[in-house]
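In: test case, fold it:
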Amino acid sequence: MAASGLFAQTDPLERLKSEVARVKALPDEKTDGEAANLHRALRDWIESRLPGDQGLLHVGMPRAEAVMRSELKEAGLEGEGPDLRFQQLPELPNTLLVIVGVSVPCGVEEAVYLYQFDATSRTRALEDRPLGYGFTKVELSQPDSEGRRLLLTTHQSVQCASAWVGMAYSVHRFGMLPGLPEKFTLSRTRVLFG
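Out: Numbers count the residues shown, from 1 in each chain. Next comes the predicted model:
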């Protein structure tokens, strides 16, 4: 119990630094399954730095990505693993899309988070992180007759050498009103690039 209490009090940036160091110390062939803990530490650090409501969303976000990258650099982490991109979606007001990547053998494994903000809170509305996938692309559809939009995330597999590349797709439907999106996950498909 005491150990879990200490873990809960750990500064998110210190926990992230510790997790990066732990994964870096592993041989390459042992890091495949370890990215999940690193992603959780990275997500927790990002969430500790995001505003808690929409009041700072439009004022603070244009600079937040640069500030957070600076913090990663000061912590000695920039260029060594975590990669961070923010995107505001004007079509989905009061939202922030965050794409984060961690280095794994032969590439970068990425996760997508979408946060919704209101007057008093922030909600993680979407978390999409297929194991072993990166090269993420995000596309938002035009609204349908009921004002709903589809958010498509596509990922390519991270691998060292192969003529076959795995693809993962996820589709999330957003209604006109804020709230958690519906998720439709399509099967993963392997396609040949060559």
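In: the closest residue to residue 166 other than its chain neighbours and residue 102: what is the separation?
Out: Distance criterion C-beta to C-beta, 6 or more residues apart in numbering; nearest residue to residue 166, sequence neighbours excluded, is residue 157 at 3.4 Å. Placement of C-beta: from N, CA and C, glycine included. Residue 157 is 15 Å from residue 102, where distance means C-beta to C-beta, to the nearest Å.
In: neighbour count: these two, which is higher?
Out: residue 102 (25 against 21; other C-beta atoms under 10 Å).
In: which residues belonging to the strand or helix carrying that one are considered buried?
Out: Assigned by DSSP states H and E, residue 102 falls within strand 95-104. Using 16 or more other C-beta atoms under 10 Å as the test for burial, strand 95-104 gives 95-104.
In: same check, this time on stretch 150-157
Out: Buried residues in stretch 150-157 (16+ other C-beta under 10 Å): 150-151, 153-157.
In: mind listing what residue 128 touches?
Out: Residues counted as contacts of residue 128 (C-beta atoms under 8 Å, 6 or more residues apart in numbering) are 111-113, 153, 170, 172.
In: for it, list each beta-bridge partner.
Out: residue 112 (DSSP bridges).
In: please report how far it lies from residue 67.
Out: 25 Å.
In: got it, and residue 156?
Out: Counting by C-beta to C-beta, the gap from residue 156 to residue 67 is 30 Å.
In: name the element residue 108 belongs to?
Out: Residue 108 belongs to strand 107-117, assigned by DSSP H and E.
In: and the angle from that strand to strand 95-104?
Out: 160 degrees (axes from the mean of the first three to the mean of the last three C-alpha atoms, to 10 degrees).
In: how about the helices in the protein?
Out: For the chain, applying DSSP state H gives helices covering 2-9, 12-24, 35-49, 57-74.
In: for residue 120, find the nearest of these.
Out: When the helices of the chain are compared by C-beta to C-beta, helix 57-74 sits nearest residue 120, at 12.5 Å.
In: that older thread, and the residue nearest to residue 166, what pLDDT?
Out: With respect to pLDDT, residue 157 scores 81.
In: do residue 103 as well
Out: 74.
In: so what's it bridging to?
Out: residue 108.
In: quick check: it vs residue 130, distance?
Out: On the measure of C-beta to C-beta, residue 103 and residue 130 end up 17 Å apart.
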